[in-house]
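Undergrad: pasting the structure only:
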């Protein structure tokens, strides 16, 4: 039997995606689920679906105030460090392209987590190519090759295609999870539900 | 030691508030927490905070599609009946006034749950006074007295005051929970966290 796969869709600017990215490997391993890491850009979806050109957390003060408190509480409950960044949202485009270009490298998952920590623990500008090169180095990758691969026409198109695919699958926020049978789960607090669904769906008897 | 109290703020039109209303008594009893049931109107907050005159679930198709699926999944997981209502959002004003006017009656909590079931299981118009009278009768209350009390100047003002208080406490959605030490939790999926926080806060040593 093939191991079930769960798509994990993440935007680097997204606060709630940080704890999800840090937790998902352990949760998936425990349930014997494979994770397909899917970088995408939330900005184009917020614009096309809601006409927004900034984060809802900046546009609605009450939502923003709640989110910062909630994320701090959530990270504390997981024992994750968290520091409210001095700029929000930061531009996740360059980092997402690096991930898109290097999925399959043995350092890419560490890179993802390092970028999230850069944004939400170390308060560093993850939109800056020099910073991203430093993150690649930190996890043992080749920064010149990674940044070059990130800027190819093919990579740029692949990330655009991923964002279109995300919209087609009903995504409107990050993190999101999509099971093989097409169930969408949104939010860090749905990670466990998504994994449970993926495991359950895989145990279904084959269709007659 | 006084039993800690948790405020449960609810809007009758809100889908996610339905499972929260059905679950909160058992969860609170288990943790030995008292619940202060606080009806309020979400519409005025959506308008003043976000300029919205309809539910975000109607205004953003992707959010709406996800919400209906998510609420159905959630209710199934709790063993709660759920039927997508033929009209959404329904007007919760009259029902909220009845609750505001009758808090403390021995039938009021049953009334709240009956109204949520009317909206989200029986697909009935909870904005209709006749329907609400029937709900009052169903739980053993006096419908004439209840509807009269709901329409007094004092009750109307008390519900307006409650909505102002909700805004002051940072609310922007329903269901919301506020602990005695001022922590705000939003969403049915934060009910357990809110109860745990309320219980923990109560066990703190007194301030010196």
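TA: On my side now, so go ahead. Values in this document were obtained by computation on a predicted structure and should not be read as measured data.

Undergrad: which regions of chain A lie under the pLDDT threshold?
TA: A:1, A:204-208 (pLDDT under 70).

Undergrad: do the lengthiest helix in chain A and chain B meet at all?
TA: Looking across chain A with DSSP state H, the single longest helix is helix A:61-78. Yes - applying CB under 8 Å from any CB of the partner chain, one finds helix A:61-78 in contact with chain B at A:61, A:62, A:63, A:65, A:66, A:69, A:70, A:73, A:77. Where C-beta positions appear, they are placed from N, C-alpha and C, glycine not excepted.

Undergrad: could you pull out the helices in chain A for me?
TA: For chain A, the helices defined by DSSP H cover A:17-31, A:42-50, A:56-59, A:61-78, A:93-102, A:108-120, A:129-138, A:143-150, A:153-168, A:191-202.

Undergrad: okay, those helices, which one's buried deepest?
TA: Mean neighbour count, computed with mean count of other CB atoms under 10 Å in any protein chain shown, is highest for helix A:93-102 among the helices of chain A, reaching a mean of 24.

Undergrad: angle of that one against helix A:108-120?
TA: 170 degrees (axes from the mean of the first three to the mean of the last three CA atoms, to 10 degrees).

Undergrad: near chain B, which residues of chain A show up?
TA: Counting by CB under 8 Å from any CB, chain A sits next to chain B at A:45, A:49-50, A:59-63, A:65-66, A:69-70, A:73, A:77, A:167, A:170-172, A:183-186, A:189-190, A:193.

Undergrad: next, format the helices of chain A as TSV and append distance to residue B:157.
TA: Shown next, in TSV, are the helices of chain A (distance: least, CB to CB, whole Å):
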stretch	distance to residue B:157
helix A:17-31	42
helix A:42-50	35
helix A:56-59	32
helix A:61-78	23
helix A:93-102	51
helix A:108-120	44
helix A:129-138	55
helix A:143-150	60
helix A:153-168	46
helix A:191-202	42
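
Undergrad: so which of these is nearest residue B:35?
TA: helix A:61-78 (20.8 Å; CB to CB).

Undergrad: quick one on the thing from earlier: which of the helices of chain A sits closest to residue B:31?
TA: helix A:61-78 (16.7 Å).

Undergrad: other SSEs contacting that closest one?
TA: In terms of contacts (3 or more CB pairs under 8 Å, 6 or more residues apart in numbering or on different chains; DSSP states H and E), helix A:61-78 is packed against helix A:17-31, helix A:56-59, helix B:42-50, strand B:184-186.

Undergrad: relative orientation of the third one and helix B:17-30 in degrees?
TA: Read it as helix B:42-50. Computed by the same axes, to 10 degrees, the angle between helix B:42-50 and helix B:17-30 is 100 degrees.

Undergrad: from the residues of helix A:61-78 next to chain B, which is closest to chain B?
TA: Using CB to the nearest CB, residue A:62 comes nearest to chain B of those, at 4.0 Å.

Undergrad: isn't the closest one right up against residue B:168?
TA: No - judged on CB atoms under 8 Å, residue A:62 makes no contact with residue B:168 at a distance of 10.7 Å.

Undergrad: so which residue is smack in the middle of chain A?
TA: residue A:10 (2.0 Å; CA atoms, centre = their mean).

Undergrad: so who does that residue touch?
TA: A:17, A:20, A:21, A:37, A:38, A:39, A:40, A:112, A:174, A:175 (CB atoms under 8 Å, 6 or more residues apart in numbering or on different chains).

Undergrad: redo those residues as JSON lines? Include distance to residue A:121.
TA: Formatted as JSON lines, the contacts of residue A:10 follow (distance: CB to CB, whole Å):
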{"residue": "A:17", "distance to residue A:121": "14"}
{"residue": "A:20", "distance to residue A:121": "15"}
{"residue": "A:21", "distance to residue A:121": "12"}
{"residue": "A:37", "distance to residue A:121": "20"}
{"residue": "A:38", "distance to residue A:121": "23"}
{"residue": "A:39", "distance to residue A:121": "20"}
{"residue": "A:40", "distance to residue A:121": "23"}
{"residue": "A:112", "distance to residue A:121": "14"}
{"residue": "A:174", "distance to residue A:121": "18"}
{"residue": "A:175", "distance to residue A:121": "17"}
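
Undergrad: picking up where we left off before, what angle separates the longest helix of chain A from helix A:108-120?
TA: Using the same axes, to 10 degrees: helix A:61-78 against helix A:108-120 is 130 degrees.

Undergrad: chain center to helix A:61-78: distance?
TA: Averaging C-alpha positions (CA atoms, centre = their mean, to the nearest Å) puts helix A:61-78 18 Å from its chain's average.

Undergrad: next: stretch A:10-27.
TA: 6 Å.

Undergrad: do stretch A:42-59 as well
TA: Centroid separation for stretch A:42-59 versus its chain: 17 Å, with CA atoms, centre = their mean.

Undergrad: and it, end to end?
TA: Counting by CA to CA, to the nearest Å, you get 15 Å between the two ends of stretch A:42-59.

Undergrad: tally up the residues packed near the residue nearest to residue A:176 when sequence neighbours are not counted, please.
TA: Closest residue to residue A:176 apart from its sequence neighbours, by CB to CB, 6 or more residues apart in numbering or on different chains: residue A:9 at 4.4 Å. Applying other CB atoms under 10 Å in any protein chain shown, we find 26 other residues in the vicinity of residue A:9.

Undergrad: and what of the one 5 residues further on?
TA: Counted with other CB under 10 Å, the burial measure for residue A:14 works out to 23 neighbours.

Undergrad: wait, it sits on residue A:41?
TA: No - the criterion here is CB under 8 Å, and residue A:14 misses it with residue A:41 at 10.6 Å.

Undergrad: what's the overlap in contacts for those two?
TA: Shared contacts of residue A:14 and residue A:41, defined by CB under 8 Å, 6+ apart, comprise residue A:92.

Undergrad: how about residue A:178, nearest residue that isn't a chain neighbour?
TA: Nearest in space to residue A:178, with sequence neighbours left out and distances taken as CB to CB, 6+ apart, is residue A:7 at 4.2 Å.
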